[in-house]
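Asker: Sharing a model prediction with you, sequence too.
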Amino acid sequence: MVPGGLAIGPGDRLTTTSRGAPAFTMVVGDGDRLYALRHTTGEGAVALVERIDPRTLEPLATSVELAAGPVWPGATGEERARTPTDGGVQSVLFPAPGLGRDFYVCTFLALTRVEVVTP
């Protein structure tokens, strides 16, 4: 993130929206499309790619369950899915720039959107 990139001014406040689900590891997107990668762990782990609403974080569409490695979705070394993004937003367990005055934080327990709200 770029310092000052959210343009937080006097009277502005930060709001958050979170969605609890296991192991969000990446958010990618461009324009109005936003995708999240999450997965389970252990023997028989699966990965899921979800197209999510950029504001509510609710899934709009979900991929089929994709085979995953026991710790990380790409641990098998084989390409399992490809999503058009045209660049833009990307995060792997770190904050990801949003589509406006916001950003996303992926964790192993939830996906959170932080937004600047101007009165």
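Answerer: Right, received. Where do you want to start?
Asker: Pairing partners for the residue most central in space within the chain in the sheet, please.
Answerer: What sits nearest the mean C-alpha location of the chain, by Cα atoms, centre = their mean, is residue 27, with 2.8 Å. Taking DSSP bridges as the rule, residue 27 bridges to residue 36, residue 91.
Asker: What part of the chain, helix or strand, is modelled with the least confidence?
Answerer: strand 89-92 (a mean of 44; mean pLDDT, DSSP states H and E).
Asker: Show the contacting residues for residue 15.
Answerer: Residues in contact with residue 15 (Cβ atoms under 8 Å, 6 or more residues apart in numbering) are 114-115, 117. The C-beta positions use only the backbone N, C-alpha and C, and glycine is treated the same way.
Asker: TSV please, covering the residues you listed and showing secondary structure and pLDDT.
Answerer: Listed next are the contacts of residue 15 as TSV, based on DSSP: H, G, I helix; E, B strand; the rest coil; pLDDT from 0 to 100:
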residue	secondary structure	pLDDT
114	strand	85
115	strand	87
117	strand	87
